[in-house]
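Trainee: Return atomic coordinates for the entry below.
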Amino acid sequence: MKTAELTREDWLAQLEAGTCVTHFEPRPLAPETLEHILAAGCQTALPWNLQPWQFVLVTEAGAREKLLQHCVDPGPAATAPALVIALGDPGAWKQAPARLSEMVIASSLEPGSEARHLSRIRQQWGTGDTARVFAIAQTHAALQQMRLVALALGVASCWIGEFDAAGIADDFHIPASVLVVTVLGLGYCAGRAVLPRPSLARAVFAEAYGLPWRRPDDDKEN
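Mentor: Here you go, the predicted structure:
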């Protein structure tokens, strides 16, 4: 598939622009473009290759309308030609033996080490609420990778923050064993708004919490 011709500087400039989409063009995304974006999300690197995610792609008008009815305030995503229901599977760790075997076959894991890693996986994700947290966090990581690849292809994206998870699960036949994590809108941008610039001083610290981080050039200027 031919991707958008973006230089490193162009791509970084888009990431740092501080804008968000306000509405999308009505034209649909090509199937190969959607496949490229979805594949990027599914190939996200994570511990032990557990892949605790699944996605429901919604592009047909009736299905989109049904999904949006379960979203309190879909915002710009209401005009997105493609909506992705992101699901997290807290039980994904139970597939660890198969995932570890795949890593051995791919030469990314040392043969004979599966039992040791399986023990660690069970200790970390097999009890309490940790499996749920892991599934949600890693599904968001996959979605972020989708968004970065979408950006490189000239495709905009936006989150739907509020939704009726139970209603979505019922209408889209989602099993109770997985979590509705979020809904992501994808499409070609038809309008953008400028976001307030973030304060690095409030969010970034050096060496320990609360200690100010300074760029190396700051010391030279002083």
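Trainee: Please name the nearest non-neighbouring residue to residue 103.
Mentor: residue 109 (3.7 Å; CB to CB, 6 or more residues apart in numbering). For the C-beta atoms, the positions are set from N, CA and C on the backbone; glycine is no exception.
Trainee: what about the one you found, how many neighbours?
Mentor: Applying other CB atoms under 10 Å, we find 18 residues neighbouring residue 109.
Trainee: these two touch, right, it and residue 99?
Mentor: No - taking contacts as CB atoms under 8 Å, residue 109 lies outside contact range of residue 99: 9.5 Å.
Trainee: Spatially central residue in the chain, please.
Mentor: residue 143 (1.2 Å; CA atoms, centre = their mean).
Trainee: got the contact list for the helix or strand that contains that residue?
Mentor: Residue 143 belongs to helix 130-152 when elements are defined using DSSP states H and E. Residues outside helix 130-152 that contact it (CB atoms under 8 Å, 6 or more residues apart in numbering): 3-4, 6, 11, 14-15, 36-38, 40-44, 46, 50, 52-53, 84, 86-93, 124-125, 156-157, 179, 181-182, 184, 186.
Trainee: Buried ones among those?
Mentor: Buried by 16 or more other CB atoms under 10 Å: 36-38, 40-41, 44, 50, 52-53, 84, 86-90, 92-93, 125, 156-157, 179, 181-182, 184, 186, out of the contacts of helix 130-152.
Trainee: Out of the residues you listed, list just those in helices.
Mentor: Within the buried ones among the contacts of helix 130-152, residues falling in helices by DSSP state H are 36, 37, 38, 40, 41, 125.
Trainee: Wait, residue 25 touches residue 190, no?
Mentor: Yes - between residue 25 and residue 190 there is a contact under CB under 8 Å: 4.5 Å.
Trainee: From one end of stretch 15-33 to the other, what's the distance?
Mentor: End-to-end span of stretch 15-33 (CA to CA, to the nearest Å): 20 Å.
Trainee: Quick one: mean pLDDT over it.
Mentor: Across stretch 15-33, pLDDT averages out at 87.
Trainee: what distance separates it from the centre of its chain?
Mentor: Its chain's average C-alpha position is 15 Å from that of stretch 15-33, according to CA atoms, centre = their mean, to the nearest Å.
Trainee: same question, stretch 26-40
Mentor: Stretch 26-40 sits 15 Å away from the centroid of its parent chain (CA atoms, centre = their mean).
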